[in-house]
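> next input, structure requested:
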Amino acid sequence: MPRLTKQHFEWLAKEIAPMLQEGKADEFANLVQEFGRRTYIGSSDAKIIYQSDVYAWEDLITQKREGKPIEFDKAARMRIDAGNYMENFVIDKFSEAAKVTVNGRGVEFDNDYFHSTTDAMASSGHVIEAKTHWGYMSIDELGDLYAPQCQHHMLVTKTKFCWMPVFFGLRARLEWRQIKRDDEWISQYKIQAAKFYDWLINDNKPDDMEFMLPPIWSDMYVTNVKHMNLDEDTLSQLNIKAQTIIEAKKAQDEASLSKSDFKDLLPEKCKQMDYDMGGNWEGHTIRVTRSKSNTLTLKHIAPKEAKDD
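Here you go, the predicted model:
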């Protein structure tokens, strides 16, 4: 049980008395949950704690001590509400697609002053952290974003991985990743969290903040060809191929601009315009057509095709 500060006792005395007098069981249950958020370190706190920003720590401590809610603009609030609303849908679809049996939702765990309220638990005992994304990030970018939260869950539940299913709203697509436990990161996180907790409970502001790298949650990694010990002939061939790729991309970009120039020449009510080439390209034609829906299309017609027309 965490130590209670003077602010905690004052808050409890103020909030509990009316509920006990009026017999409001539901409100009392919500109060207990809110009290937990103020005295424990939850999974949503992990990202702030590991980044070691003293000002962000101070804001989080103020929120916990004073019950100060995080303020969101209207759009952000809508996204959060939509994510909460979609949570069970995402879990159900993930369970069906990945053949993972769900064994309980909203299950809570405690480990010292660390707390986790999980979205769901798999029958294997692993946490399911469901997300809904309305932007353009990839599943692996979201893995990087939410890995600290998942590592916190694994610390509390003492498990080796965490499922992260994501529903991409703009694409109506479900994807998921297995977030692996990073024991080295968790060890550093526990040291940082102890400093944060000491500040929260005992008002001992830390003198130093340890820099932490993001957790490694996947076997995938980044490298450079120069670190792969390839022979000189292979490197020379790769250099030629790289130049070909760059030149092809440059030509593609120039072709896109040229197509736009031809399309811009098409008169407003003209449905087809031909440009007959000369010189070494005699017999070739560039044709621009306009559809009934006003879509412009550019086509290269080779000499044989031109005769068939």
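
> quick one: contacts for P148?
With contact set as CB atoms under 8 Å, 6 or more residues apart in numbering, P148 has these partners: A46, K47, Y50, Y189, P214, P215. Quick note: C-beta positions are derived from backbone N, CA and C, even for glycine.

> can you give me the strands for the chain?
Ranges of strands within the chain are 102-105, 108-111, 114-117, 120-122, 127-128, 131-133, 161-168, 173-180, 272-276, 285-290, 296-301, based on DSSP state E.

> before we move on, the earlier item: dump the contacts of P148 into JSON lines; add pLDDT as well.
Formatted as JSON lines, those follow (pLDDT from 0 to 100):
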{"residue": "A46", "pLDDT": "95"}
{"residue": "K47", "pLDDT": "94"}
{"residue": "Y50", "pLDDT": "94"}
{"residue": "Y189", "pLDDT": "97"}
{"residue": "P214", "pLDDT": "93"}
{"residue": "P215", "pLDDT": "95"}
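
> for those residues, which one is nearest K271?
Nearest to K271 among those is P214, at 56.0 Å by CB to CB.

> OK, contacts around the closest one?
Y50, D144, A147, P148, W185.

> swap the cut-off to 7 Å and go again
Contact analysis of P214 by CB atoms under 7 Å, 6 or more residues apart in numbering lists D144, A147.

> again with M86
T132, F167.

> any idea how far it is from H227?
Plainly put, M86 is 42 Å away from H227 if you go by CB to CB, to the nearest Å.

> same check, this time on F196
Taken as CB to CB, the span from F196 to H227 is 37 Å.

> can you check D261 too?
Remark: distance between D261 and H227 (CB to CB) = 44 Å.

> tell me which of F196 and H227 has more neighbours.
A count of neighbours by other CB atoms under 10 Å puts F196 above the other of F196 and H227, at 22 against 7.

> number of residues surrounding Y55?
For Y55, the neighbour count with other CB under 10 Å is 7.

> what score does it have for pLDDT?
Looking at Y55, its pLDDT reads 92.

> go on, D110?
D110 carries a pLDDT score of 89 in this model.

> that one: how many residues sit nearby?
Using other CB under 10 Å, the number of residues around D110 comes to 12.

> same question for K304.
Close neighbours of K304, defined as other CB under 10 Å, add up to 8.

> what's the spacing between it and Q252?
To Q252, K304 is 25 Å away according to CB to CB.

> kindly report the same for T297.
Separation of T297 from Q252 (CB to CB) stands at 18 Å.

> out of those two, which sits in the busier spot?
Using other CB under 10 Å as the criterion, T297 and Q252 rank with T297 on top: 12 against 9.

> where does the protein dip in pLDDT?
Counting by pLDDT under 70, the chain contains low-confidence residues at 1-37, 68-70, 221-222, 305-309.

> biggest helix in it by residues?
For the chain, the longest helix by residue count, based on DSSP state H, is helix 232-265.

> now that one, how far from the centre of its chain.
Centre-to-centre, helix 232-265 and its host chain are 33 Å apart (CA atoms, centre = their mean, to the nearest Å).

> what's the angle from that helix to strand 285-290?
Interaxial angle, helix 232-265 versus strand 285-290 (axes from the mean of the first three to the mean of the last three CA atoms, to 10 degrees): 60 degrees.
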